[in-house]
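Novice: Provided below are the primary sequence and the corresponding predicted coordinates.
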Amino acid sequence: MIGPVPETTRQSEPVRTEEAAMRGMMMRKGLCFTVTLLVAVTLLAGVAQAQKKILVVALNQDPDILDPTLSRTYVGRIIYEHMCEKLYEIDENLRITPQLAADLPTFADGGKTVTIKLRPGVKFNDGTPMNAEAVRYSLDRHHNMKGSNRRSELEGLTTVEVVDPLTVRLRLKVPFSPIVAILADRAGMPVSPAQARKLDEKFGTAPVCVGPWAFVERVPQDRIVVEKSQHYFDPGQARFDRIVFRIIPDDNVRLANLRSGDIDFMHLVAPTDAASLRKEGRFEVSSVTGLAYTGITINLRNKSGKTPQPPGDLGTPLANDPRVREALDLSIDREALNQVAWDGQYTVGCTPISPLSPFYDKSRKCPGRDVARVKKLLADAGLAGGYSFEMAIVNDPQQRRLGEVVQGMAKEAGINISLRPSEFASALNDSDAGKHQAFLIGWSGRVDPDANIHQFHTCTGSLNVTHACDEGIDALLNKAREVSDLSQRAELYKQAIDKFAFGRRNVIYLYHANYIGAYPKNLKGYKAVPDGLIRIKGTSWN
């Protein structure tokens with residue numbers, strides 16, 4: 001039972017009530033101040049970002065030489081997208097549209113004459129005119145320069161004529177169906193003749209092309225910087241004064257830099273990280289199935305360098321016996337590989353043609369894992385006790401994880417793979433020089449399958465690092481260049497793929513990657529394209 005409340009307590013009650021009221025008022029004022037401060041900080045952060053004139057993009061690899069004639073890396077094409085525009089461009093629906101050309105080309109003489117009108121008033125980033133003579137010079141350089149990786153892309157080109165200051169005419173040996181798609185990539189990038197003549201094979205140290213941004217500097221393994229061009233014909237498309245491409249191979253470091261705001265765009269987000277970023281709600285996460293493929297490139301006869309160096313006998317079962325290569329293929333479970341390495345977010349494949357392509361063969365079934373068959377093939381090849389070889393991989397977390405999954409599957413079937421991690425550009429150079437037995441590597445893909453196949457699998461292909469050579473395959477791939485009917489071309493590619501992907505197996509195709517990128521939600525105007533190239537042109541802070 002509660003007795004009477006003491007007087008002193010009753011008298012002090014109004015005082016405590018007033019104190020409580022004052023404290024409540026102060027707390028409310030403090031809370032109000034805190035909320036106001038948080039809102040202000042958020043607004044200031046938004047304003048600061050909106051006013052930020054330097055955009056930072058994190059790439060997972062350092063490109064090779066920044067010369068459109070000589071280069072071959074996917075990440076290099078991302079840099080070019082901002083400073084080296086092409087005669088033609090592709091959009092998110094894989095449509096080819098004019099970029100530096102004024103219109104799509106016209107064809108005559110059964111497709112052997114191609115006439116291209118150029119956009120007027122265009123200048124290179126050194127202020128010199130981008131005209132028909134500059135395009136003629138650039139195509140000739142791409143076609144004939146020593147070491148050109150564009151040579152086989154332009155193999156059918158005989159001459160380039162200057163019709164007038166804004167018109168070029170291409171003469172071809174035979175009709176060439178992929179020509180427009182070829183000119184929507186590096187072969188279609190005009191370079192400044194003044195700079196190219198001045199620097200020759202060192203053009204890549206200070207490249208000058210046409211683009212919304214111009215090259216400023218490169219610090220190997222660290223960054224590439226471009227700044228807004230003073231000469232671009234549509235300056236409103238470049239809404240950042242500078243773009244800094246930082247080279248950050250480690251996925252976790254790129255992700256931490258995105259979350260901290262030190263970078264603005266993260267290239268090649270890992271599938272597991274994409275899921276967590278979407279949950280956070282602060283970032284847009286774009287994902288698109290790519291034209292690319294990843295596979296195991298197997299050196300067959302490259303002893304001292306790719307074409308035009310002569311082939312040689314490597315003297316290994318992997319190089320000399322197709323049964324060993326088939327065994328390697330059948331040791332891999334592509335579906336499980338996709339689940340373990342990529343959370344099932346990529347697309348299993350066993351050919352160089354993406355399911356996005358109209359040339360994709362929907363009836364094609366990839367071989368399943370068959371350990372018993374692997375062991376029989378090895379025994380038939382005189383390797384009943386198993387087989388060992390070394391495979392090069394790019395030294396980044398995603399590729400190491402992928403290599404380890406392939407390694408584990410092969411080991412269970414009696415094939416022991418030792419992994420050789422290497423920096424990206426060095427690995428490519430070693431591949432060219434014939435220093436690899438096998439190389440786990442991809443190709444970023446092109447809209448026309450010719451560019452994903454011909455230069456890798458024809459005897460004199462400029463990217464045929466395996467020195468594989470079969471005149472029957474060459475005939476099919478050359479014929480696919482000449483005919484224009486899609487169904488006829490698709491059938492020719494089907495026949496060729498039967499021979500090189502499931503016969504000689506100089507490349508064992510594994511999957512088609514999804515290109516996943518992440519950036520703050522107030523970066524507006526970005527569109528993901530299946531070629532996987534980042535395009536900052538036209539984007540801005542909201």
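Specialist: Great, that's in hand.

Novice: got the domain boundaries for this structure?
Specialist: 54-61+211-290+515-541, 88-192, 293-512 (automatic domain parsing).

Novice: make CSV out of those domains and add distance to residue 75.
Specialist: (C-beta placed from N, C-alpha, C; glycine too.) What follows is the domains of the chain, written out as CSV (distance: least, Cβ to Cβ, whole Å):
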stretch, distance to residue 75
domain 54-61+211-290+515-541, 5
domain 88-192, 13
domain 293-512, 8
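
Novice: turn those into a markdown table, including mean pLDDT and mean neighbour count.
Specialist: A markdown table is the format used below for the domains of the chain (pLDDT from 0 to 100; neighbours: other Cβ atoms under 10 Å):
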| stretch | mean pLDDT | mean neighbour count |
| --- | --- | --- |
| domain 54-61+211-290+515-541 | 96 | 18 |
| domain 88-192 | 97 | 19 |
| domain 293-512 | 96 | 19 |
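
Novice: figure out which of the ones you listed is closest to residue 77.
Specialist: Nearest of the domains of the chain to residue 77, taken as Cβ to Cβ: domain 54-61+211-290+515-541 at 5.7 Å.

Novice: quick one: end-to-end distance for the closest one.
Specialist: Start-to-end span of domain 54-61+211-290+515-541 (Cα to Cα, to the nearest Å) is 11 Å.

Novice: dihedrals phi and psi, residue 441?
Specialist: phi -150, psi 160 (degrees, to the nearest 10).

Novice: just to revisit the earlier point, wait, which of the domains of the chain is closest to residue 81?
Specialist: Short answer: domain 54-61+211-290+515-541, nearest of the domains of the chain by Cβ to Cβ, at 5.0 Å.

Novice: what's the first helix or strand after the host helix or strand of residue 510?
Specialist: Take DSSP states H and E as the rule and residue 510 turns out to sit in strand 507-512. Of the helices and strands lying after strand 507-512 in sequence (DSSP H and E), the nearest is strand 514-520.

Novice: mind checking how far whatever helix or strand comes next after that following strand is from the chain centre?
Specialist: Using DSSP H and E, the helix or strand that directly follows strand 514-520 along the chain is strand 523-524. How far strand 523-524 lies from its chain's middle: 22 Å, per Cα atoms, centre = their mean, to the nearest Å.

Novice: neighbouring contacts of strand 523-524?
Specialist: Strand 523-524 is contacted by residues 264-265, 284, 539-542 when judged by Cβ atoms under 8 Å, 6 or more residues apart in numbering.

Novice: pull the most distant pair out of the residues you listed.
Specialist: Maximum distance among these (Cβ to Cβ): 14.9 Å, for 265 and 542.

Novice: coming back round to it: which of the contacts of strand 523-524 lies closest to residue 206?
Specialist: The closest of those, once distances to residue 206 are taken by Cβ to Cβ, is residue 265, at 25.0 Å.

Novice: test my guess that that closest one contacts residue 528.
Specialist: No: contact criterion Cβ atoms under 8 Å: residue 265 and residue 528 do not qualify, at 11.6 Å.

Novice: which neighbours do those two share?
Specialist: In contact with both residue 265 and residue 528: residue 517, using Cβ under 8 Å, 6+ apart.

Novice: just the pLDDT at the residue nearest the centre of the chain, thanks.
Specialist: Note on the chain: the residue nearest the mean C-alpha position is residue 74, at 3.9 Å, using Cα atoms, centre = their mean. We have a pLDDT of 95 for residue 74.

Novice: which ones are touching it?
Specialist: By Cβ under 8 Å, 6+ apart, the residues touching residue 74 are 61, 292, 442-444, 532.

Novice: just these: which are in strands?
Specialist: 442-443 (DSSP state E).

Novice: so which of the contacts of residue 74 comes closest to residue 135?
Specialist: Closest to residue 135, out of all of the contacts of residue 74 and judged by Cβ to Cβ, is residue 444, at 24.4 Å.

Novice: phi, psi for the closest residue to the closest one other than its chain neighbours please.
Specialist: Leaving aside its chain neighbours, residue 444 sits nearest to residue 74 (3.7 Å; criterion: Cβ to Cβ, 6 or more residues apart in numbering). The phi and psi values for residue 74, taken as degrees, to the nearest 10, are phi -60, psi -50.

Novice: now swap in residue 488 and tell me
Specialist: phi -70, psi -40.

Novice: also residue 160?
Specialist: phi -120, psi 120.

Novice: quick check, it in contact with residue 141.
Specialist: No: here residue 160 does not reach residue 141: they are 10.6 Å apart, not a contact under Cβ under 8 Å.

Novice: now stretch 130-149, how far from the chain's geometric center?
Specialist: With Cα atoms, centre = their mean, you get 24 Å for stretch 130-149.

Novice: likewise stretch 118-138?
Specialist: 27 Å.

Novice: got the contact list for it?
Specialist: Contacts of stretch 118-138 (Cβ under 8 Å, 6+ apart): 83, 87, 98, 100-102, 116, 160-168, 189-196, 208-211, 214-215, 229-233.

Novice: just the residues you listed: which are in strands?
Specialist: Using DSSP E, the contacts of stretch 118-138 in strands are 98, 116, 160-164, 167-168, 214-215.

Novice: with those in mind, which one is nearest to residue 450?
Specialist: Taking these together and measuring to residue 450 by Cβ to Cβ, the closest member is residue 116, at 18.8 Å.

Novice: measure the spatially closest residue to the closest one that is not a sequence neighbour to residue 188 for me?
Specialist: Closest residue to residue 116 apart from its sequence neighbours, by Cβ to Cβ, 6+ apart: residue 105 at 4.8 Å. Distance of residue 105 to residue 188, given as Cβ to Cβ, to the nearest Å: 11 Å.

Novice: all helices of the stretch 251-400 of the chain, in order?
Specialist: 251-260, 271-280, 317-320, 322-330, 334-342, 371-380, 397-412 (DSSP state H, counting those that start in this stretch).

Novice: make that the stretch 401-542 of the chain, sorry
Specialist: Using DSSP H, counting those that start in this stretch, helices in the stretch 401-542 of the chain cover 424-432, 450-457, 471-482, 486-499.

Novice: quick check: which of those helices is nearest to residue 410?
Specialist: helix 424-432 (19.8 Å).

Novice: quick one: contacts of that closest one?
Specialist: 61-64, 72-73, 75, 249, 297, 299, 305-306, 392-396, 422, 436, 439, 441, 465.

Novice: ok, stretch 462-470 next?
Specialist: 72, 148-153, 297-302, 306-307, 311, 431-432, 434, 439, 455-459, 499-500, 504, 506-507.

Novice: run a quick neighbour tally on residue 52.
Specialist: 14 (other Cβ atoms under 10 Å).

Novice: leaving out sequence neighbours, find the closest residue to it.
Specialist: Using Cβ to Cβ, 6+ apart and skipping the chain neighbours, the partner closest in space to residue 52 is residue 541 (6.7 Å).
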